[in-house]
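Visitor: Okay, predicted coordinates and the sequence, questions at the end:
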Amino acid sequence: MAPESSPLPPPTFSAELRALADRFDDRPVRLGELLDATQGRGYHLLLLLIALPFVGPIPLPGFSIPFGFTVTLLGTRLALNRKPWLPERLLRRELPPHTLAKWLGAVSRIMRWIEFFLRPRLGFVPRHAIFGRIAGILIALSGLMLMLPFPLPFSNSLPAWTVILLAAGSLGRDGLFFFAGCAAFALSIAFFTFVAFGGIELIEQLRLHLR
């Protein structure tokens, strides 16, 4: 009797994203259709898509408020342990074909780099719902940070990396990425605290000089 062949491993998430980029390259696609095509992992994909433009040190004025609001909405739903929800009007919105394919390709390259380090670890994290709720809270707060109108280097990138690490950790069931996301969130809090106290000190110095 011939030995049974072992089942093929499932495709990596970056490979699925490249396949989606090829699938939607020549036609417009609705956001809801894209989420359905990712087989239940679409909301974490959406978080990665939203966070991607903000990973650079230069802020993106005009994009941070709507993108940050969407991140906050999704994070809040995750924190409440409810199915992520987006307005029907947003789900019906069509995305340009070539822009979407280019964006998906960029995310797949980042995911391929992340997947080099991503593996199931610290299994108690994905097994317990409390960690998912904490991740949702941190994602929601990171979305609020993205909305802050600070034209300063790294004011968007630190919250964006928090979202990317937490979303990737959930996709790969990697508890280490969860704690890396927590560390990125702590850096974000430290950065904005420093900016806030620095701004207060600057105002006080200006008041003294103007007397």
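Guide: Ah, there it is.

Visitor: name the helices or strands packed onto the helix or strand containing Ser170?
Guide: Using DSSP states H and E, Ser170 maps to helix 157-172. In terms of contacts (3 or more C-beta pairs under 8 Å, 6 or more residues apart in numbering; DSSP states H and E), helix 157-172 is packed against helix 42-51, helix 97-115, helix 129-147, helix 175-210. C-beta: built from backbone N, CA, C; applies to glycine.

Visitor: tilt between the second one and helix 157-172?
Guide: Going back to what we said before, that points to helix 97-115. The directions of helix 97-115 and helix 157-172 differ by 80 degrees, with axes from the mean of the first three to the mean of the last three C-alpha atoms, to 10 degrees as the criterion.

Visitor: Helix 97-115 vs helix 42-51, what angle?
Guide: Inter-element angle recorded for helix 97-115 and helix 42-51: 100 degrees (by the same axes, to 10 degrees).

Visitor: which outside residues touch helix 97-115?
Guide: Contact with helix 97-115 is made by 12-15, 17-18, 20-22, 24-29, 34, 45, 48-49, 52, 164, 168, 172, as judged by C-beta atoms under 8 Å, 6 or more residues apart in numbering.

Visitor: Below-threshold pLDDT in this protein: ranges please.
Guide: Scanning the chain for pLDDT under 70 picks out 1-11, 38-42, 57-63, 97, 198-211.

Visitor: returning to what we had before: which PyMOL command selects the buried ones in the contacts of helix 97-115?
Guide: Buried residues within the contacts of helix 97-115, by 16 or more other C-beta atoms under 10 Å, are selected in PyMOL with:
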select buried, resi 13+14+17+18+20+21+24+29+34+45+48+49+52+164+168+172
